[in-house]
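**Student:** Can you look at this prediction? I've put the sequence above it.
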Amino acid sequence: MSSSIEATFDVTNWDEHEFDRHAGAGKLTKAKVTKSYHGDISADSLTEWLMSYSDDGTASFVGLERIIGSVGTREGTLVVRHVGRFEGGAATAELTVVGGACSGDLAGVSGSGSFVADPAGKVSLQLSFA
């Protein structure tokens, strides 16, 4: 069984710290971010981001996010991996469900999707349930 999930989110906290910088190279940062989801996802989440900034203000990032609440009609936790880029005032990423890291009614789920924050946030997931 598969399901198409659409949701919006609000960032509720963003705590970012630089951990490396070299002359002539962009900075590296780590951020801990919390979000509140609405729509097909009714949940809160925590994401850890690693980001590499360029001098032009763009950035590449990777992250792991744990979503705790309901996704579609199922309750539990869902973990997704983000691989993305920030440019032109928007962050976009491809999402992949991390197998074996989900719990409750979401245990065994697989899937992928996309994420955009511009600054309004929305997420789209295609999930397959075992």
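**Tutor:** Right, received. Where do you want to start? From a predicted model like this one, the values you see are computed outputs, not experimental measurements.
**Student:** Spatially nearest residue to residue 58 (excluding sequence neighbours)?
**Tutor:** Once flanking residues are discounted, residue 58 sits nearest to residue 87: 4.2 Å by CB to CB, 6 or more residues apart in numbering. Placement of C-beta: from N, CA and C, glycine included.
**Student:** Please read the previous query as pertaining to residue 115.
**Tutor:** Using CB to CB, 6+ apart and skipping residues adjacent in sequence, the residue nearest residue 115 is residue 93, 4.4 Å away.
**Student:** can you tell me which residues contact that neighbour?
**Tutor:** Contacts for residue 93 (CB atoms under 8 Å, 6 or more residues apart in numbering) come out as 61, 63, 82-85, 114-116.
**Student:** What remains of the residues you listed if I keep only buried residues?
**Tutor:** Buried members of the contacts of residue 93, scored by 16 or more other CB atoms under 10 Å, are 61, 63, 82, 84, 115.
**Student:** between these, which is closest to residue 15?
**Tutor:** Of all these, residue 63 has the smallest distance to residue 15: 13.5 Å, by CB to CB.
**Student:** didn't that closest one look like it was pressed against residue 35?
**Tutor:** No. With contacts counted by CB atoms under 8 Å, residue 63 stays clear of residue 35, the gap being 11.3 Å.
**Student:** Return every residue with contacts to both of those two.
**Tutor:** With CB under 8 Å, 6+ apart as the test, residue 63 and residue 35 both reach residue 47.
**Student:** Centroid-wise, who is the farthest residue in this structure?
**Tutor:** Distance from the C-alpha centroid of the chain, by CA atoms, centre = their mean, peaks at residue 23 (30.3 Å).
**Student:** what about the chain, any weak spots by pLDDT?
**Tutor:** Applying pLDDT under 70 to the chain flags residues 1, 119-121, 125-130.
**Student:** change it to 80
**Tutor:** Applying pLDDT under 80 to the chain flags the ranges 1-2, 118-130.
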